[in-house]
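Enquirer: fold the following and give me the result.
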Amino acid sequence: MAAIARFGTRVVPEIQDIIKDCRSRKQLVQGPDIEAFEHEFAAFLGSGHVRTCSTEYGRMALYFILKALQLPEGSEIIVPALTFWVVPEITRVAGLKPVFVDIDPATFTMLPAAAERAITPNTRAILPTHLYGMACDMDPILDLARRHNLKVVEDCAHSLGAEYKGRMVGTLGDASFFSFQAFKPLNTYGGGLAWTRDAEVAKRVAEFADAETWPSEERVEKILWEGKWQHTFIRPKVFTFSLFPVWYAASFTDSKPEQRLWENVRSLDPLPAHYRGRYSNVQAAIGRAGLRRLPEFIDRTRRHARMLDSVLDGVPGIAVPKTPADRTHVYYQYCCYVPDTETIVKRCIRRGVDVAPMHVDVCTQMDLFNAKASMPGAERAATAVQVPVYESLSDQEIDRVARLVRAEVERLKVARTTVTAAAG
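Expert: Numbering: from 1, shown residues only. Here you go, the predicted model:
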């Protein structure tokens, strides 16, 4: 059987026609789709002001937002300890000091009580991350912000389409940012978008975005080419013969080849040159098509999550992701706890399913931030595994994934029982 990758990319069926049309109109770089995409995205969210940002990275939207808020230099911003290291590093590049707080290991999101304990006279903002596709518990965070006169900037890189008490994530605080990189809920082969509540802040964000230079047509073509091959290489029939043999061989060692796919951890000050550049028209055209199909993508992914739940929930040793009644989950990732994470990951890979440990970071354990602190929730969450759930898999493939994870956990339990009995 074909091997199944941990990630899938959301690619609309008509993408090649969209690209061909933009080429024929000579509108790969500049064109009317950018403004149209921004208008349609704002309508999808239902409120506020939006602005596309960056050719390649949604993190630039965060940078523009923080600069546009005009917070005093050196102000503290509260950030979850479990997040992609780039997020707190961008806050530092913007002149702020990230202060890390613990998360709830059941929801993988910021603990409001931990955020409250971290507030000092120098705190100016809170940056909750809606991790893995589910909203944070936002009402207590927003209440904190009101009581202490703090700004709230939502990290929605994983969570486009998720809701909290019937409200769309990204519209709850003062500002928010979204990422459109290949594996994100909306894939435009890179780039991102800023949402702001206040019109004056939105104007300043737009000024920062407009100050960037347009990418060359060659750069845009390269992004499209890389996106196409990225999508191709992780399709099961191709993944089996591309990356999977490396993953398989590594399962017999302590090496972690997937780390070579992620950005090197380092200071981002000054911002790297490839971070710069305006969002292109062809990306916006792809985004418009993806936005129309987003509800369909989310529905299919949620069905896959329910299929995984039906096989895995209740199995001793497995804790499946639980969604509180006041929130919805879009399952950017399906994260569950299993016994002996490393063993289960290796065994699943050897049987053709790329179950993986989490790739976000416990930032308090990183030398980059020199913020040594005990964060038991984040440290517990880092032991969870990512199980393939994306909508481009067939129901049969999802069933295979679920039954393999269950079988390996049960097999591990039997082996441990046998060893214990023999020792006794």
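
Enquirer: quick one: contacts for residue 45?
Expert: Applying CB atoms under 8 Å, 6 or more residues apart in numbering to residue 45 gives the contacts 168, 170, 171, 195. To be clear about C-beta, it is placed using only N, CA and C from the backbone, and glycine gets the same treatment.

Enquirer: I'd say the third one and residue 49 touch.
Expert: Which is residue 171. No. The criterion here is CB atoms under 8 Å, and residue 171 misses it with residue 49 at 11.0 Å.

Enquirer: list residues touching both of the two?
Expert: Common contacts of residue 171 and residue 49 (CB under 8 Å, 6+ apart): 195, 197.

Enquirer: most centrally placed residue in this protein?
Expert: For the chain, the residue nearest the mean C-alpha position is residue 158 (3.4 Å; CA atoms, centre = their mean).

Enquirer: and that one, what does it touch?
Expert: By CB under 8 Å, 6+ apart, residue 158 lies in contact with 129, 130, 131, 132, 133, 184, 185, 330, 332, 333.

Enquirer: where does the closest residue to it other than its chain neighbours fall, secondary structure wise?
Expert: Once flanking residues are discounted, residue 158 sits nearest to residue 332: 4.0 Å by CB to CB, 6 or more residues apart in numbering. For residue 332, there is no enclosing helix or strand under DSSP states H and E.

Enquirer: where does this structure have low pLDDT?
Expert: Applying pLDDT under 70 to the chain flags residues 418-424.

Enquirer: all helices of it, in order?
Expert: Shown for the chain, the helices assigned by DSSP state H span residues 15-24, 33-45, 59-69, 86-93, 112-118, 138-148, 199-211, 217-233, 236-239, 244-250, 281-312, 341-350, 376-381, 395-423.

Enquirer: could you give the angle of the third one to helix 199-211?
Expert: This means helix 59-69. 130 degrees (axes from the mean of the first three to the mean of the last three CA atoms, to 10 degrees).

Enquirer: what helices or strands is helix 59-69 leaning on?
Expert: Applying 3 or more CB pairs under 8 Å, 6 or more residues apart in numbering; DSSP states H and E, we find helix 59-69 packed against strand 49-53, helix 86-93, strand 151-155, strand 175-179, strand 192-196, helix 199-211.

Enquirer: could you dump these into TSV with distance to residue 394 and mean neighbour count added?
Expert: Listed next are the helices and strands packed on helix 59-69 as TSV, based on distance: least, CB to CB, whole Å; neighbours: other CB atoms under 10 Å:
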stretch	distance to residue 394	mean neighbour count
strand 49-53	33	25
helix 86-93	33	22
strand 151-155	31	24
strand 175-179	27	29
strand 192-196	30	29
helix 199-211	40	16
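
Enquirer: ok, back up a step: could I get the phi/psi values of the residue nearest to residue 158?
Expert: When read as degrees, to the nearest 10, the backbone of residue 332 gives phi -60, psi -40.

Enquirer: what's the spacing between it and residue 117?
Expert: 29 Å (CB to CB, to the nearest Å).

Enquirer: what does residue 190 give?
Expert: 37 Å.

Enquirer: neighbour-wise, which of the two wins?
Expert: residue 190 (24 against 11; other CB atoms under 10 Å).

Enquirer: OK, contacts around that one?
Expert: By CB under 8 Å, 6+ apart, the contact set of residue 190 is 54, 55, 56, 57, 180, 181, 182, 223, 227, 283.

Enquirer: and residue 149, by the same measure?
Expert: Contacts of residue 149 by CB under 8 Å, 6+ apart: none found.

Enquirer: look up how far residue 75 lies from it.
Expert: Residue 149 is 12 Å from residue 75, by CB to CB.

Enquirer: what's the answer for residue 276, then?
Expert: Distance, residue 276 to residue 75, using CB to CB: 25 Å.

Enquirer: the two: which is more packed in?
Expert: With neighbours defined as other CB under 10 Å, residue 276 and residue 75 compare such that residue 75 has more, 19 against 16.

Enquirer: my guess is that one meets residue 121, correct?
Expert: No. Contact criterion CB under 8 Å: residue 75 and residue 121 do not qualify, at 10.4 Å.

Enquirer: rewinding a little: pick the most buried one from the helices of the chain.
Expert: Per-stretch averages of neighbours, counted by mean count of other CB atoms under 10 Å, single out helix 59-69 among the helices of the chain, with a mean of 26.

Enquirer: okay, the angle between it and strand 151-155?
Expert: 170 degrees.

Enquirer: run the chain-centre distance for helix 59-69.
Expert: Put simply, helix 59-69 sits 18 Å off its chain's centre (CA atoms, centre = their mean, to the nearest Å).

Enquirer: swap in stretch 33-41?
Expert: Mean C-alpha position of stretch 33-41 versus that of the full chain (CA atoms, centre = their mean) differs by 22 Å.

Enquirer: and what of stretch 88-102?
Expert: With CA atoms, centre = their mean as the basis, stretch 88-102 stands 18 Å off its chain's centre.

Enquirer: before we move on, what about stretch 298-317?
Expert: 20 Å.

Enquirer: contacts for it?
Expert: For stretch 298-317, the surrounding residues in contact (CB under 8 Å, 6+ apart) are 161, 185, 318, 320-321, 329-331, 334, 336, 338-339, 387, 389-391, 393, 395, 398-399, 401-403, 405-406, 409-410, 412-413.

Enquirer: list the contacts of residue 319.
Expert: With CB under 8 Å, 6+ apart, residue 319 has these contacts: 336, 337.

Enquirer: against residue 339, how distant is it?
Expert: In this view, residue 319 and residue 339 are 10 Å apart by CB to CB.

Enquirer: how far does stretch 93-112 sit from its chain's centre?
Expert: Relative to the chain's own centre, stretch 93-112 is displaced by 15 Å; criterion: CA atoms, centre = their mean.

Enquirer: what's the end-to-end length of it?
Expert: 25 Å (CA to CA, to the nearest Å).

Enquirer: please apply the same query to stretch 15-32.
Expert: End-to-end span of stretch 15-32 (CA to CA): 17 Å.
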